[in-house]
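Asker: okay, sequence plus prediction incoming.
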Amino acid sequence: MSIVVPVYNEQPNIEKFYEEATKAAVTLDMDYEIIFVDDGSKDATPLILSRLTQQDEHVRAFILARNFGHQLAITCGMDHALGDAVITMDGDLQHPPSMIPELVQKWREGNDVVQTIREATDDAGFLKRMTSKWYYRILNAVSPVHITPGGSDFRLIDKRVLETFKQFREHDRFIRGLIGDIGYTQTFIH
């Protein structure tokens, strides 16, 4: 299992994320790697990642020379993933590492893509909920690819899906749209 984590200025969170992700990964009964991709951080994130790679053979880190953006940082990690499946998630703990075993279980049940759907939270104000609702309505009205409201870059994909994804090399990419339209057996968890 490869866990790909793009990070940018995550100095306060990175060690907590690492601890939580490791705690979830060791329950999987399979080998795993955590691939951090630092997207040009200006804080101590690269130094922390360097230390983690020296402490734990399960951790790999790629330090980008500058900020290329979230989607390209995820792509970098996916390009270097060695696992039979790849989980992508953010390193700021908004994507809970405790859900990793649930994603893996759905994959083991035969799903090639396991996409998480964010539930509405109480801290999202009226304006945020309305703009999000209209964003998805407009996006789905103008695009032939359906984008599920509440989706994110927190997902698991099988290695076969990864190999197909690697054929798409657009620089300005929207990974949720690419994965959603790529085919294969897909399921959702909330």
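Answerer: That came through fine.

Asker: show me where pLDDT drops low in the chain?
Answerer: Where the chain drops to pLDDT under 70, the residues are 120-124, 128-137, 139-140, 143-151, 171-178, 180-181.

Asker: those strands in it, which residues are they?
Answerer: 2-7, 33-38, 59-63, 85-88, 113-117, 151-158, 186-189 (DSSP state E).

Asker: so who does the nearest residue to G40 once chain neighbours are set aside touch?
Answerer: Sequence neighbours aside, N67 is the residue nearest to G40 in space, at 3.6 Å (criterion: Cβ to Cβ, 6 or more residues apart in numbering). From N, CA and C alone the C-beta is placed, and that goes for glycine too. Contact analysis of N67 by Cβ atoms under 8 Å, 6 or more residues apart in numbering lists 8, 39-40.

Asker: and of the strands of the chain, who's closest to R51?
Answerer: If you check each of the strands of the chain against R51 by Cβ to Cβ, strand 59-63 wins as the nearest, at 9.5 Å.

Asker: how about the closest one: buried residues?
Answerer: Across strand 59-63, burial judged by 16 or more other Cβ atoms under 10 Å covers 59-62.

Asker: what's in contact with it?
Answerer: Counting contacts by Cβ under 8 Å, 6+ apart, the residues outside strand 59-63 that touch it are 18, 33-38, 46, 49-50, 52-53, 76-77, 80.

Asker: quick one: work out the angle between that strand and strand 2-7.
Answerer: 40 degrees (axes from the mean of the first three to the mean of the last three Cα atoms, to 10 degrees).

Asker: so who does the nearest residue to N111 once chain neighbours are set aside touch?
Answerer: Distances taken as Cβ to Cβ, 6+ apart put T187 closest to N111, at 4.4 Å, once the chain neighbours are dropped. The neighbourhood of T187, defined by Cβ under 8 Å, 6+ apart, consists of 106, 111, 113-115.

Asker: leaving aside the residues adjacent along the chain, what's closest to Q115?
Answerer: Using Cβ to Cβ, 6+ apart and skipping the chain neighbours, the partner closest in space to Q115 is R155 (4.7 Å).

Asker: in contact with that neighbour: list those residues for me.
Answerer: Listed by Cβ under 8 Å, 6+ apart, the contact set of R155 reads 87-88, 103, 113-116, 179.

Asker: may I ask which of the residues you listed has the most neighbours?
Answerer: I87 (29 neighbours; other Cβ atoms under 10 Å).

Asker: look up how far V142 lies from it.
Answerer: Counting by Cβ to Cβ, to the nearest Å, the gap from I87 to V142 is 30 Å.

Asker: include distance to D92 when you put the buried residues of strand 59-63 into JSON lines, please.
Answerer: Conversion of the buried residues of strand 59-63 to JSON lines gives the following (distance: Cβ to Cβ, whole Å):
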{"residue": "V59", "distance to D92": "17"}
{"residue": "R60", "distance to D92": "19"}
{"residue": "A61", "distance to D92": "16"}
{"residue": "F62", "distance to D92": "18"}
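
Asker: alright, that wraps it up for me.
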